[in-house]
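Engineer: pasting the sequence and the predicted coordinates here, then a few questions.
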Amino acid sequence: MNKAIIAMDKSGSFRVYLAVTTGMVEEARQIHDTTPLATAAMGRVLTAAGLMGLMMKSPQDKLTMQFKGDGPAREILATANGNGQVKGYISNPHVDLPLKPNGKLDVGGAVGIGTVTVIKDLGLKEPYVGRIELVNGEIAEDLTAYFFVSEQQSSSVALGVRIDTDLTVAAAGGMIIQMLPGADPASVDALEQLIGDMTPISTLVEQVTRESSGKTGEAVVRELLRRIFATLPEEFAVEAMEIREIGWKCDCCEERLEQALMSIGATDLKTILDEDGSAELTCQFCRKKYQFDGAHLQKLLDEMT
Ligand SMILES: [Zn+2]
């Protein structure tokens, strides 16, 4: 199941982007054949990128989020557009580390020390690029810091992926609470308490999905929203504004991989043609294979020279 909901509180102090991404993260797990630790790390990044994609104004806007650290996961990259279409990969899909003392998957250890970079292509001349040092590599805290430092935006990010005993994804989801200009200071205090006491989001997603079996994704995200914010004072009651789609989608095509082949330069392409006679390229996002036979490579070479 995948679905997102955008909401705002009555006083106009904050906005909420909340998503269930169980289906999307499970699809990514199957494509990349990830270990539970890699599933959790990549799933958090995919969910966050999807939510930040929904924060952009136009469906054509594109966002790229890259976590790069010195840990064994190496790089985790996700891209999303304003329509909630998300794709991504992890450099080391088989990363594995002992559980943390609290029994949780050690995503911070897998990512290590490094940076998070966010690139937003909003159809302007230059893309917007923001980069900060990672706080702890656990993804959610890193992005909370990113919003504060790079976008001067006070936000709170929660992300969670729960792995089933058969190593598939039992539940995944995320939430970004974004404070709005002129927010009532009392709402900040109320939210701090709410977040401090909040059940992990993956647990909530699992509970609500199970209890709502047979209901639509929309019913699930509405109930999830209600449950998370149920304890807020009446003046900050949260109201749903929009139901949005979110999910896995790779938009790769032969033309894009032709571009990749041509970008290596005529000399190297000629070498491949002479020595191998053909080329096979794999989309790094969806693992689809593209074959280029000798005639095809020759055609690309002719276009270049
Ligand atoms: Zn692809």
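Structural biologist: Yep, that arrived.

Engineer: what about the helices in the stretch 101-250 of the chain?
Structural biologist: Ranges of helices in the stretch 101-250 of the chain, per DSSP state H, counting those that start in this stretch, are 107-111, 140-151, 185-196, 201-211, 217-229.

Engineer: reformat these as TSV; add mean neighbour count, mean pLDDT and distance to G123.
Structural biologist: Glycine gets a C-beta too; all of them are placed from N, C-alpha and C. Listed next are these as TSV, based on neighbours: other CB atoms under 10 Å; pLDDT from 0 to 100; distance: least, CB to CB, whole Å:
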stretch	mean neighbour count	mean pLDDT	distance to G123
helix 107-111	26	98	31
helix 140-151	20	96	18
helix 185-196	14	95	33
helix 201-211	19	96	32
helix 217-229	19	96	28
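
Engineer: turn those helices into a markdown table, columns for distance to the ion.
Structural biologist: Listed next are the helices of the stretch 101-250 of the chain as a markdown table, based on distance: least, CB to the ion, whole Å:
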| stretch | distance to the ion |
| --- | --- |
| helix 107-111 | 24 |
| helix 140-151 | 25 |
| helix 185-196 | 36 |
| helix 201-211 | 27 |
| helix 217-229 | 24 |
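
Engineer: among these, which is nearest L37?
Structural biologist: Of all the helices of the stretch 101-250 of the chain, helix 107-111 sits nearest to L37, with 5.5 Å by CB to CB.

Engineer: quick check: closest non-adjacent residue to the residue of the stretch 51-200 of the chain found nearest the ion.
Structural biologist: Residue nearest to the ion within the stretch 51-200 of the chain (CB to the ion): K87, separated by 6.9 Å. Of all residues not flanking K87 in the chain, F285 sits nearest, at 4.2 Å (CB to CB, 6 or more residues apart in numbering).

Engineer: then S150?
Structural biologist: Per CB to CB, 6+ apart, closest to S150 is G130, 3.3 Å.

Engineer: hang on, F147 packs against S154?
Structural biologist: Yes. Counting by CB atoms under 8 Å, F147 touches S154, with 7.4 Å between them.

Engineer: shared neighbours, these two?
Structural biologist: Here F147 and S154 have Q178 as joint contacts, going by CB atoms under 8 Å, 6 or more residues apart in numbering.

Engineer: quick one: contacts for L300?
Structural biologist: E258, L261, M262, L269, F292.

Engineer: now swap in G137 and tell me
Structural biologist: Counting by CB under 8 Å, 6+ apart, G137 touches F67, G69, G71, V107, G108, G109, A110, V111, G112, I113, G114.

Engineer: quick one: list the elements packing against the helix or strand that contains A80.
Structural biologist: A80 is part of strand 75-81, with elements assigned from DSSP states H and E. Strand 75-81 is packed against helix 36-54, strand 62-69, strand 85-90, with contacts defined by 3 or more CB pairs under 8 Å, 6 or more residues apart in numbering; DSSP states H and E.

Engineer: and D274, how many neighbours?
Structural biologist: 10 (other CB atoms under 10 Å).

Engineer: just the pLDDT for D251.
Structural biologist: D251 is assigned 91 on the pLDDT scale.

Engineer: for the stretch 151-300 of the chain, give me the ranges with low pLDDT.
Structural biologist: Along the stretch 151-300 of the chain, the model assigns pLDDT under 70 to no residue.

Engineer: for the ion, what are the nearby residues on it?
Structural biologist: C250, C252, C283, F285, C286, K288 (CB under 5 Å from the ion).

Engineer: who are the contact partners of the second one?
Structural biologist: Each residue near C252 by CB under 8 Å, 6+ apart is listed here: C283, F285, C286, K288.

Engineer: appreciated, that's everything.
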